[in-house]
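Colleague: Next one to model:
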Amino acid sequence: MTETRRVSTSQAAVLLGIGPRRVRQLIKADRIPGAERIGHIWTVPLGEAGNILITTSDRGRRGAAWRMAERITETPDAASVGQGGQ
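Modeller: Next up is the predicted model:
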C-alpha cells in the first residue's frame with residue numbers, strides 16, 4: 001500500500017497561493033477531500049503530481065454580482081416609500 005504524502009495547512013497555502021486561514025476554511029467547507037486532523041494540526045493530501053485537489057462549492061455564486069442581483073430583486077414596502085423609513 002502506498003502512503004499518501006501530506007502537508008500542513010501552511011505548506012498547502014504556499015502551494016495554492018492563498019493564506020493558511022483560507023485553507024482551513026476550505027477544509028471546514030469539505031472542499032479539500034482527504035484532509036484530516038492529526039493531533040491539533042490539519043493535514044492535506046498531495047496528489048501524485050504534488051498538487052492539491054479542491055472541489056467546487058455547491059452553494060452558488062456569492063460575489064458582488066450575486067449581492068447586487070439580490071438587492072435589485074428586493075422591492076420596498078409600499079407603506080415605507082416616501083416616509084423616510086419610519
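
Colleague: longest strand anywhere in the protein?
Modeller: As assigned by DSSP state E, the longest strand anywhere in the chain is strand 41-45.

Colleague: buried set for that one?
Modeller: For strand 41-45, the neighbour count (16 or more other C-beta atoms under 10 Å) marks Trp42, Thr43, Val44, Pro45 as buried. (C-beta placed from N, C-alpha, C; glycine too.)

Colleague: Local confidence estimate at the closest residue to Leu15 other than its chain neighbours?
Modeller: With sequence-adjacent residues excluded and distances taken as C-beta to C-beta, 6 or more residues apart in numbering, Leu15 is closest to Ile52, at 6.0 Å. What the model reports as pLDDT for Ile52 is 84.

Colleague: quick one: Ile52 and Leu16 touch, right?
Modeller: Yes: Ile52 is within contact range of Leu16, at 6.1 Å (criterion: C-beta atoms under 8 Å).

Colleague: Neighbour count for the two, which is higher?
Modeller: Neighbour count, other C-beta atoms under 10 Å: between Ile52 and Leu16, Ile52 has more, with 20 against 17.

Colleague: Tell me who's in contact with the more buried one.
Modeller: Val7, Ala12, Leu15, Leu16, Ile32, Val44, Pro45, Leu46 (C-beta atoms under 8 Å, 6 or more residues apart in numbering).

Colleague: and the two most separated of those?
Modeller: Leu16 and Pro45 (13.4 Å; C-beta to C-beta).

Colleague: picking that back up, want to throw the buried residues of strand 41-45 into JSON lines with pLDDT?
Modeller: Supplementary listing: the buried residues of strand 41-45 in JSON lines, determined by pLDDT from 0 to 100:
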{"residue": "Trp42", "pLDDT": "95"}
{"residue": "Thr43", "pLDDT": "94"}
{"residue": "Val44", "pLDDT": "94"}
{"residue": "Pro45", "pLDDT": "92"}
